[in-house]
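> need coordinates for the following:
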Amino acid sequence: MASQYGDLRHLLPLNYKNLITSWLEEDCPSFDYGGFVVGESEGEARLLGKSKGVVAGVPFFDEVFSQLGCTVEWHIQEGQPIDTSTTSITHCATVRGPIRKILLGERVALNILARCSGIATKSASLVSALRSHGWAGTLAGTRKTTPGFRVVEKYGILVGGADPHRHDLSSMTMLKDNHVWACANNAAASDGGAGDTESVAAAIPRAVKAAKAAGGFATKVEVECRSLEEADAAIGAGADVIMLDNFTPEGVRDAARQLKQQNAANGGKHSFLIEVSGGLNEGNAASYACPDVDIISTSSIHQGTGIVDFSLKVSLR
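Alright, predicted model coming up:
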């Protein structure tokens, strides 16, 4: 897909090709009995889109067949919708090569394309819904991805017009309540266990300071906050992103407004973004969208989403 800034496939890491190889090996770990029956005849297969949705996952689909000595000609661009209003089937691409190899890659390629397209479709739908309410912020995914399939899921989010958020633990420092609690407990232990363990809000400055010391100037620090007190502590400690977690819609509006107004009253001393997360989906996300919220993050656009239905139909040349 060519976004307004360039071709998204150029973002992909080199190891995605190794993933494709491993998935092909998983699907055919020993003998290909069906392929033996087919023989070496050459032919082609039409990729048919059979349900409404946004096409995504083209680089992965192409790589499956490239590794098997086949070629793919696309008739629809990545990021474009499949239109089922006039016809129930859309000819999306043509795969050419040995029929045995086309069938060897068929299921792996279709599984990737269907899942990636489903994520792009869900992402695009929620982005559109939020924009229709006048919200101009960033919709982001989360790290709740499928092990081994993260690069495909994050790519689908991008094709759908949403933000992939952090890709892994090394991308950004996110201090959740467990991190801060552990920091407080460690501090208590280092003091010989004397006194009560400090509150989350009191421990946040120490946790942020440690995170910034470890990550340096180039690594942003985000803090998960469950109250205004915790958010104030995180802002005062210099956190880059304040996540308001599991607030009500009204609570988000009030808290985000108050935090931004307090900062403005202090001369804009701290620069930070406000992110909202926790149980958000297409049914309720719009109620959290307000001018003071910069980011809405949700796993609903990539976890447990549906698929776009595709099939391959083979014919001899």
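> those strands in the stretch 151-300 of the chain, which residues are they?
173-175, 221-225, 241-245, 273-277, 295-297 (DSSP state E, counting those that start in this stretch).
> buried ones in the last one, by neighbour count?
Put plainly, it is strand 295-297. For strand 295-297, the neighbour count (16 or more other CB atoms under 10 Å) marks 295-297 as buried. All C-beta atoms are positioned from the backbone trio N, CA, C, and that covers glycine.
> re earlier: just the strands of the stretch 151-300 of the chain: most buried one?
strand 221-225 (a mean of 26; mean count of other CB atoms under 10 Å).
> so what secondary structure elements neighbour it?
If contacts are counted by 3 or more CB pairs under 8 Å, 6 or more residues apart in numbering; DSSP states H and E, strand 221-225 sits against strand 173-175, helix 200-215, helix 228-236, strand 241-245.
> adding mean pLDDT and distance to residue 272, write these out as JSON lines.
Shown next, in JSON lines, are those (pLDDT from 0 to 100; distance: least, CB to CB, whole Å):
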{"stretch": "strand 173-175", "mean pLDDT": "95", "distance to residue 272": "14"}
{"stretch": "helix 200-215", "mean pLDDT": "92", "distance to residue 272": "11"}
{"stretch": "helix 228-236", "mean pLDDT": "94", "distance to residue 272": "6"}
{"stretch": "strand 241-245", "mean pLDDT": "96", "distance to residue 272": "6"}
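> can you redo those as JSON lines with distance to residue 133?
Listed next are the helices and strands packed on strand 221-225 as JSON lines, based on distance: least, CB to CB, whole Å:
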{"stretch": "strand 173-175", "distance to residue 133": "27"}
{"stretch": "helix 200-215", "distance to residue 133": "32"}
{"stretch": "helix 228-236", "distance to residue 133": "24"}
{"stretch": "strand 241-245", "distance to residue 133": "18"}
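> of the strands of the stretch 151-300 of the chain, which is nearest residue 121?
Residue 121 sits nearest to strand 295-297 of all the strands of the stretch 151-300 of the chain, at 18.1 Å, using CB to CB.
> who does that closest one pair up with?
strand 138-140 (parallel), strand 273-277 (parallel) (DSSP bridges).
> got the ones you listed as a markdown table, with distance to residue 83 and mean pLDDT columns?
Formatted as a markdown table, the strands paired with strand 295-297 follow (distance: least, CB to CB, whole Å; pLDDT from 0 to 100):
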| stretch | distance to residue 83 | mean pLDDT |
| --- | --- | --- |
| strand 138-140 | 24 | 98 |
| strand 273-277 | 34 | 97 |
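> tell me where the model's unsure across the stretch 101-250 of the chain.
187-198 (pLDDT under 70).
> ok so, going back, could you dump the strands of the stretch 151-300 of the chain into a markdown table and include distance to residue 104?
As requested, the strands of the stretch 151-300 of the chain are exported to a markdown table (distance: least, CB to CB, whole Å):
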| stretch | distance to residue 104 |
| --- | --- |
| strand 173-175 | 41 |
| strand 221-225 | 44 |
| strand 241-245 | 45 |
| strand 273-277 | 42 |
| strand 295-297 | 39 |
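> so for residue 215, which of the ones you listed sits nearest?
Nearest to residue 215, of the strands of the stretch 151-300 of the chain and by CB to CB, is strand 173-175 at 5.2 Å.
> and that closest one, which strands flank it?
With DSSP bridges as the test, strand 173-175 pairs up with strand 221-225 (parallel).
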